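Undergrad: Sequence first, then the predicted structure:
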Amino acid sequence: MNGPEEAAGPTDDGPRSVASVVRTPDGDVEWFTVIGGLGIAVFLLVGVFGPTLAPYPDERLVGNPFEPPGADHLLGTDDAGRDVLSLLLIGARVSMVVGLVAGTAAVLVGTAVGVTAGIVGGRVEAVLMRVVDVVLTIPFLPLVIVVAAVLGPGLWTTVGVLSAVMWARPAREVRSEVLSIREREYIEAARAMGASAGHLAVRYVVPGVLLIVVAQYARAVSMAVLLEAALSFLGLGDPTRPSWGSMLFWAQQRSAFLTGAWKWWVVPPGLAITASVLSFIFVTLGVERQAGPDRHSVATDVPGIDVEIRPPHGGDEPTATADGGREGTPGAGAGGDGSTGTPDDEGGRVPDATDADDQPRRAAATEGDDHPRTAAATDADDHPRTAAASDADDQSRTAAATDAGRHRRAPADERAAGAEAGPADADGVPALSVEDLTVEYGTPPTVAVDDVSVDLRRDEVLGVVGESGSGKSSFALALLDLLRAPGRVTDGRLTLYTDADDDVGLADLRGDDVGFVPQEAMNALDPRQSLLTQVLEAVHVHRDCDRATARARATEALESVGLPPESHGRYPFELSGGMCQRGVVATAIVNDPQVLVVDEPTTGLDVVTTVETLDLLSDLGAERDLSVVVISHDLAAVRRVADRLAVMKAGRFVEVGDADRLAAAPDHAYTRRLLAARTPLPAPTASSERQASADAHLAYEGVEKAFGDEAVLEGVDLSLDRGRSVALLGESGAGKSTLARMALGLIAPDAGTVTVDGRPVETVGRRALGREGHYVFQDAYSSLPPNRWPSTTSATPGLAGSGRSSRPSA
Amino acid sequence: MGALARHAGRRLLEYGGTFLAAVGINFLLPHLAPGDPLIYVIGPEATELSPAERRAELARYGLDEPLHVQFVDYLLGALQGDLGTSLTYGRPVTDVLAARLPWTLLLVGSALLLAVVLGTLLGAVSAWHEGDRTDLGLMAGVVVAMSAPGFWLGMLFIAVFAAWLGWFPASGVRSARGAPTALDVAHHLALPVAALTFVRLGSIYLIARNTVLSTLGEDFLLFSRAKGLSDRRVLYGHALPNSLLPVYTRFTLQVGVAIGGAVAIETVFAIPGIGRVLFDAALERDYPLLQGAFLVLTVTVIAANVVADLTYPLIDPRTGAGGPEGRP
């Protein structure tokens, strides 16, 4: 997701202090850890001082059997007349000793095994992990019972057996954490720079694993306490020491629950066990919540944009698409999806009616109705920014901002205002208009979209361009109320000119009147369902039609994006990225929306696919009378399809205007910079006639590599002389990056050799390679460790570096 | 398919290893334990034998052979279902266990099924409501249940629902009189199954909650919302199905723990299952029966894992292409 996360930059966690362990990343107190910690403190205190605190010494018969709780015996007595409270206090020690000792041993062994397996890898890892699997498969408690029964019960037998079976789980968890840290790009980047394994372990692996170890330790102790209780309950504990489990053993043997004594004899030891185990589990949960990845759940309800629905503008013709779609719906007339009639039926609602007397129908954008959102819908006129917005002198908001200001003030005037921008706007009929949209992220709030207003006219393609972090994706998501926490709309109103029911919210309009093509569309399909199923689902949600009709509609949509029939039934993993993207577009347009919002359609695509995708959008827009908003960082690419462009910088539109005019004569310096970003680079100055030296600095000979069954490189020969550059060009998946990574020994070829100065790359050593070759990672964002400042890693975020795999060394 | 074959091979190795380890433990323990290994075969009277009788007994059970020969004999015997003779029953261990195994399977199977269904659904609901009252309430309840020892919950259930309220029988698996009906058995097993379900629910719930929570951050769920799907449909139609795989994988790890937990529950409710046999055998020092019960429980866990492996493709359309490890 694009958004202020990029702008916010990585945060430096450094070594975690005790205080930070009980705090969430948001600064809230992690109550699970706090409550668990307090419980553990009590458990340890009782474990250490219990025998001292006990009112009656151990093993002394001090009363009558089955005495109910009273002044002499706060918790009554058991069948032998022993004081239950004293037994409880004394018995804590067995749980504590077994829990702490067995837990410590298990976690120490487990961590050692897990870290070894994760770092060493290869055969050692395979063997260790098979052993772990075996230990995990053997049923714990039966094994413990057998061992305890054969070796004879006793405290240290219990501790030994528990340690022997419990180390496997921590080993498994620690190893998978080590692996996931190893596979992160910033580790690869550090390896590429020549960092040693020891350095990596100390700098990155240990801090990352530490939290997991703490969580596993708490879990191991809780398991040990539970298992010890079960063993003692089965009569296999240490017979010489009272414990909570053995209290229950005697209660069970004497059928305590058939007498009234169970209330004071059975309940307290069980509660003691539960409370102790719970404390440790709470700590595990709290720590795991901290170690867990940042998630952007789609379920979190965030304040969205206010929506107003108005009948289509002008009333000259209802949009053909919407009507066409509804005609294809048998028997839908009276349903919620049915046409509510032409705009003329609701004459009072033509947009020329003043805002004042036509109470805007602010449908809640999400299902939640008692939302604070309504409060955010401040009246345009008393908005504090109004003055600034209409102030033409405001440096950061030039012509476009004033334009936007007028929209807000008097929507009826906007055609006149738009006329200034270009001839195409003169007859523009709005399909959608956004007023005062403000999107914020996190606490303290970072403004991603700052009081933006814009109109989308019918049948036009509006390009919204800006750099990463300019807020353009937040803008797109806010339009559909699809922002995920911590993002939220704090102000703004969306008017949609459509003939949908006026009491529906955005949730009902999404996928019906407004289609959305998300960023990185290859990840947008459900991996478990076939393409056709997913398109069909979109049809069924919005249309009450039989299977055959729905199928015909879905098939038509898939064909219209150029997907051949044999691909319709495939699963996403059987489709290429480009085909997935077409599938997503088909899903978005299957219900003939009036408005299509497309977020970054070109990210991650090579030039060929980018052009194809943009042409597809352009064709669809024309064929289906779509009004399209295209969000992109690539001004030059969007120019191909856009009628108008809105240039976004730091959450604001700095310039809005006709695409050709804006490209030819940009008003704003920022627009000029964006345009310049795609100007061809100056010709290289290095003389191309220089003699090739006899021995190549970097040479590939017959290099082959396959990932799984897919051959990526087949017999590649390439040599690079000292001081020269070679540009590797190719479509996504052509093998460019693989080839580049081989030069640094990050990937080993299946066949063939890669040599540096005549030596095979695998013998050179990564540290030396780090000096010889520098690799600028693509996706620089994930190449930086999240807990370090960029300056300490000195990785250079920049354009994708696949083409320059080596640079001259001194 | 190469990945699938490799995976199958790895699993086979793992199960073979587990079986060998269980047999190995059974075999080695008497040799590691203090005292006469003969005790572990024929019982305490081994100490009262004359030297000649002793030699005869040792030879009879092959205990005079070198260790590795003894191990191979023991392993071959175990593979053929010969686990020795029970000291308390005087019958072959296999016979004693065969009569008991169905009860354990019924108890553990029902409880695990309930725990998986309930745990997954509650986990999904909790994940959807992450951080709000529903989530915290569910989490607190479930975690408290998983912290309580199962046998203690069972004792409480007996005290409340059997002894006090009289709704359910306190022990056994069927009424003394009349032919056992399914309803009668269900009535008897209700409390033990409930106790076992409660303690097993927690870990499945936590896995499900975590998995659904991370699935909810996936791009395809954003898109399914963009398609206009209702919350319910996004959760149960897309998020939950895509989270089942990790839940299922981790579930197989649960089988062993659940069977272990059944030992204590069977003891509390006097259910004639393998767990109860294990307990009785431990008290009576009936070593052949004890070891046999342990081995049978281990094999049961392996069998459950094999079933899980075989049913894996049913819930993952990609197994054929990428192998079960295809997606982390």
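TA: Done, it's in.

Undergrad: what kind of secondary structure is residue 65 in?
TA: Picking chain A for this. Secondary structure, DSSP: H, G, I helix; E, B strand; the rest coil: A:Pro65 is coil.

Undergrad: which ones are touching it?
TA: Each residue near A:Pro65 by C-beta atoms under 8 Å, 6 or more residues apart in numbering or on different chains is listed here: A:77-81. (Glycine included, C-beta is placed from N, CA and C.)

Undergrad: and those residues, which are buried?
TA: Buried members of these, counted by 16 or more other C-beta atoms under 10 Å in any protein chain shown: A:77-79.

Undergrad: Now the most centrally placed residue in chain B: which helix or strand?
TA: Compute the mean C-alpha point of chain B, and by C-alpha atoms, centre = their mean the closest residue is B:Ile259, 2.6 Å away. Take DSSP states H and E as the rule and B:Ile259 turns out to sit in helix B:240-269.

Undergrad: so where's the longest helix in chain B?
TA: Ranked by residue count under DSSP state H, the longest helix found in chain B is helix B:93-128.

Undergrad: For that helix, name the packing helices and strands.
TA: Packing partners of helix B:93-128 (3 or more C-beta pairs under 8 Å, 6 or more residues apart in numbering or on different chains; DSSP states H and E): helix B:133-147, helix B:182-215, helix B:240-269, helix B:274-284, helix B:287-315.

Undergrad: Nearest to A:Ser196, out of those?
TA: helix B:182-215 (32.8 Å; C-beta to C-beta).

Undergrad: Does stretch B:74-82 reach chain A?
TA: No. Contact of stretch B:74-82 with chain A (C-beta under 8 Å from any C-beta of the partner chain) is absent, the minimum separation being 14.3 Å.

Undergrad: ok, and for that stretch, which residues are buried?
TA: For stretch B:74-82, burial by neighbour count (16+ other C-beta under 10 Å) applies to B:74-75, B:78.

Undergrad: Could you do stretch A:608-618 as well?
TA: A:609-610, A:613-614, A:616-618.

Undergrad: now do stretch A:148-158
TA: Buried residues in stretch A:148-158, counting neighbours by 16+ other C-beta under 10 Å, are found at A:148-151, A:153-155, A:157-158.

Undergrad: Out of those residues, list just those in helices.
TA: Within those, residues falling in helices by DSSP H are A:148-151, A:155, A:157-158.

Undergrad: check whether the helix ranked longest in chain A contacts chain B.
TA: When chain A is parsed with DSSP H, its longest helix is helix A:84-120. No. Judged by C-beta under 8 Å from any C-beta, helix A:84-120 stays clear of chain B, getting no closer than 11.3 Å.

Undergrad: next structured bit after that helix?
TA: For helix A:84-120, the following helix or strand on the C-terminal side (DSSP H and E) is helix A:122-137.

Undergrad: Check whether that next one comes near chain B.
TA: Yes. Interface with chain B: helix A:122-137 contributes A:130-131, A:133-137 (C-beta under 8 Å from any C-beta).

Undergrad: Kindly indicate the member of those residues with the most neighbours.
TA: Among the residues of helix A:122-137 next to chain B, A:Thr137 has the most neighbours (other C-beta atoms under 10 Å in any protein chain shown), with 24 neighbours.

Undergrad: Chain neighbours aside, what residue packs nearest to it?
TA: B:Thr18 (4.4 Å; C-beta to C-beta, 6 or more residues apart in numbering or on different chains).

Undergrad: what's the closest non-adjacent residue to the residue nearest to the centre of chain B?
TA: Leaving out its chain neighbours, the residue that sits closest to B:Ile259 by C-beta to C-beta, 6+ apart is A:Pro139, at 4.9 Å.

Undergrad: dump the residue contacts of the one you found.
TA: Each residue near A:Pro139 by C-beta under 8 Å, 6+ apart is listed here: B:256-257, B:259-260, B:294, B:297-298, B:301.

Undergrad: now, the most widely separated pair of those?
TA: The most distant members of those, if one measures by C-beta to C-beta, are B:Val257 and B:Phe294, lying 15.0 Å apart.

Undergrad: C-alpha coordinates for stretch B:241-250, PDB please?
TA: Written as PDB, here are the backbone C-alpha positions of stretch B:241-250 (Å, rounded to 0.1, in the frame of the first residue of the first chain):
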ATOM      1  CA  PRO B 241     -10.900 -20.700   3.600                       C
ATOM      2  CA  ASN B 242      -7.500 -19.100   2.900                       C
ATOM      3  CA  SER B 243      -6.600 -19.500   6.500                       C
ATOM      4  CA  LEU B 244      -7.600 -23.200   6.900                       C
ATOM      5  CA  LEU B 245      -4.300 -24.500   5.500                       C
ATOM      6  CA  PRO B 246      -2.100 -23.400   8.400                       C
ATOM      7  CA  VAL B 247      -4.800 -24.300  10.900                       C
ATOM      8  CA  TYR B 248      -5.000 -27.800   9.400                       C
ATOM      9  CA  THR B 249      -1.200 -28.100   9.400                       C
ATOM     10  CA  ARG B 250      -0.900 -27.100  13.000                       C
END
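
Undergrad: And the contacts of it?
TA: A:526-528, B:116, B:120, B:123-124, B:203-204, B:207-208, B:211-212, B:215, B:218, B:220, B:308, B:312, B:315-316, B:324, B:327.
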